[in-house]
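# have a look at this prediction, sequence included:
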Amino acid sequence: MSVQIILGEGDQQVVLSSVAGWGSLTVTDKWDTGGSGPYEATWEMTLPPMRRPKGLDTNVPCVVMVGGCPRFAGRVPDLDWSAGEFSAIGAVRESEEAIALTAAGLTTATPDAAIDAAIARGALTWKRRASLSASTIAADGDETDDQFFIQALLDAWADSVGKRWAVNARREVYAAADPTTPSWFVLPGAGEFGTDTDLMVGKLYARYKKNTTGDLGTVTAGAGLPEVAIDLTGRGTLTQAQAQQVLNGIYTKASKQKNFTNSLELNATQILTPGGLPARPYRVRAGQMMRFLALRDERNGKPYTDIVLGETEWDAEADTVTVTPIDMSNRDLESFVEEAGGSIVS
């Protein structure tokens, strides 16, 4: 299996191994709020003093190729020559710095329009093969009073439709719901997941802004104690359906009574394809579902455990992948509410 780090584009493209030796490559993927897909690549190089390999520079494009196929795409944000440790951030993170504007430079709350305009002006290196949404997410018109980044726009849109958005290793932006069927099967004995039983919430009450005149509405989700009041007015005007969808998303995350507490490292001998063939760890990515055979699920009593992968870290040198469930317990209700653009009323 050939693994290459390629820097630059066009005539300036350089295969890193042709100018310097490197090792300890890891590629991290995420499936979560804030944008999903290949998130970070890191590697090490031991260089003589003042040695600067050709092509390795600040903001240079970076692609990791495995067997001739892209596994990661992004850019090198900065360099630390003294440590000999280097990293690139995934293309999905360009959304953190690109403002949601139309081609005319006006603010917009329409995902397709914001993405296309940012691609056209060079703020995003993405490709949009299909529509995410050609409709504004704002209830009172597309143009907004404030400027905001594309990441915030896509997060709000994804929350409203019950999906997550991502940019893959080919720089293609897309959206999808969490999977419900496994892409991988793990043989018995690979490890176990610990769980906790913290109950974050019983019933949620959320107030939202119905229109530009400041009228408020209320939506609810769940039942029982503890009851929690949430303020969604910071998201601007919402329809009742939009507010309900946002609150349902918060409740779904917070109402899990048993959450996983650990990650697992897996190698190629432990993972199978749906057809029963050995799998290559580099193909396991966040956003996929993995079934652990003969591992009882403490959440529902089933004789196997299905997890949606919230984070994966592929170690190219060891050819292993560390998998983290999407519902790890090291999060709390406040973080779920903040991700949705609201705040807890104390």
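Received the coordinates, thanks. Numbers count the residues shown, from 1 in each chain.
# any regions of the stretch 1-150 of the chain where pLDDT drops low?
Within the stretch 1-150 of the chain, no range satisfies pLDDT under 70.
# need the contact partners of stretch 37-52.
Here stretch 37-52 makes contact (Cβ atoms under 8 Å, 6 or more residues apart in numbering) with 5, 20-30, 53, 62, 64, 71-74, 81, 84-93, 166-169, 286-287. No exception for glycine: its C-beta is placed from N, CA and C like everyone else's.
# can you give me the end-to-end distance of it?
For stretch 37-52, the first-to-last residue distance is 30 Å (Cα to Cα, to the nearest Å).
# what residues does Ala175 make contact with?
Ala175 touches Leu132, Ala158, Val161, Lys163, Arg164, Trp165, Ala166, counting by Cβ under 8 Å, 6+ apart.
# next one: the second one from Ala177, what distance?
Right, the one you point to is Ala158. Ala158 is 10 Å from Ala177, where distance means Cβ to Cβ, to the nearest Å.
# now the common contact residues for these two.
Arg164.
# surely Asp178 is within a helix?
No - counting by DSSP: H, G, I helix; E, B strand; the rest coil, Asp178 is not part of a helix but coil.
# renumber starting at 888 from here on
Sure, I'll start numbering at 888, so the last one becomes Asp1065.
# neighbours of it, how many?
15 (other Cβ atoms under 10 Å).
# which strand runs longest in the protein?
strand 1192-1202 (DSSP state E).
# list the neighbouring strands of that strand plus their orientation.
If you go by DSSP bridges, strand 1192-1202 pairs up with strand 910-917 (antiparallel), strand 1176-1179 (antiparallel), strand 1207-1212 (antiparallel).
# can you list contacts of that strand?
By Cβ under 8 Å, 6+ apart, the residues outside strand 1192-1202 that reach it are 912-919, 958, 1065-1066, 1069, 1080, 1147, 1150, 1168-1169, 1171-1179, 1182-1184, 1207-1215.
# quick one on the thing from earlier: more crowded one of Ala1045 and Ala1064?
Just comparing Ala1045 and Ala1064: by other Cβ under 10 Å the higher neighbour count belongs to Ala1045, 25 against 10.
# so the more buried one sits in a helix?
Yes - the assignment for Ala1045 (three-state DSSP) places it in a helix.
# which residues are in contact with it?
Counting by Cβ under 8 Å, 6+ apart, Ala1045 touches Thr920, Arg1051, Trp1052, Ala1062.
# swap in 7 Å and give it another go.
Ala1045 sits next to Arg1051, Trp1052, Ala1062 when contact means Cβ atoms under 7 Å, 6 or more residues apart in numbering.
# tell me where the longest helix sits in the protein.
Ordering each helix of the chain by length in residues (DSSP state H) puts helix 1127-1141 first.
# report the separation between the residue nearest in space to the middle of the chain and Ala1053.
In the chain, the residue lying closest to the centroid (Cα atoms, centre = their mean) is Ser923, at 2.3 Å. To Ala1053, Ser923 is 4 Å away according to Cβ to Cβ.
# give me the common contacts of these two.
By Cβ under 7 Å, 6+ apart, the residues touching both Ser923 and Ala1053 are Val979, Gly1174.
# returning to that earlier point: single out the most deeply packed of the strands paired with strand 1192-1202.
Ranked by mean neighbour count, the strands paired with strand 1192-1202 are led by strand 1207-1212 with a mean of 22 (mean count of other Cβ atoms under 10 Å).
# now that strand, how far from the chain's geometric center?
15 Å (Cα atoms, centre = their mean, to the nearest Å).
# where does pLDDT dip in the stretch 1088-1233 of the chain?
Ranges of the stretch 1088-1233 of the chain meeting pLDDT under 70: 1143-1145, 1216-1218.
# hmm, Val950 is touching Ile893, no?
Yes - using Cβ atoms under 7 Å, Val950 is in contact with Ile893, at 4.6 Å.
# so those two - more neighbours on which side?
Val950 (24 against 19).
# gap between the helix or strand harbouring that one and the chain center?
Taking DSSP states H and E as the definition, one finds Val950 inside strand 948-953. For strand 948-953, the separation from the chain centroid amounts to 19 Å (computed by Cα atoms, centre = their mean).
# same deal with stretch 1214-1229?
Remark: stretch 1214-1229 is offset 14 Å from the chain centroid, using Cα atoms, centre = their mean.
# tell me how this protein divides into domains.
Residue ranges for the domains of the chain, per automatic domain parsing: 982-1063, 1086-1143.
# dump the ones you listed to TSV, plus distance to Ser1233.
Formatted as TSV, the domains of the chain follow (distance: least, Cβ to Cβ, whole Å):
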stretch	distance to Ser1233
domain 982-1063	23
domain 1086-1143	9
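# do you know which of those domains lies nearest Gln1157?
Gln1157 lies closest to domain 982-1063 among those, at 23.8 Å (Cβ to Cβ).
# surely Pro940 and Gly908 touch.
No - Pro940 is not in contact with Gly908 according to Cβ under 7 Å; the separation is 9.5 Å.
# Glu1006 is in contact with Asp999, isn't it?
One thing to correct before we go on: residue 1006 is Ile, not Glu. No - contact criterion Cβ under 7 Å: Ile1006 and Asp999 do not qualify, at 10.7 Å.
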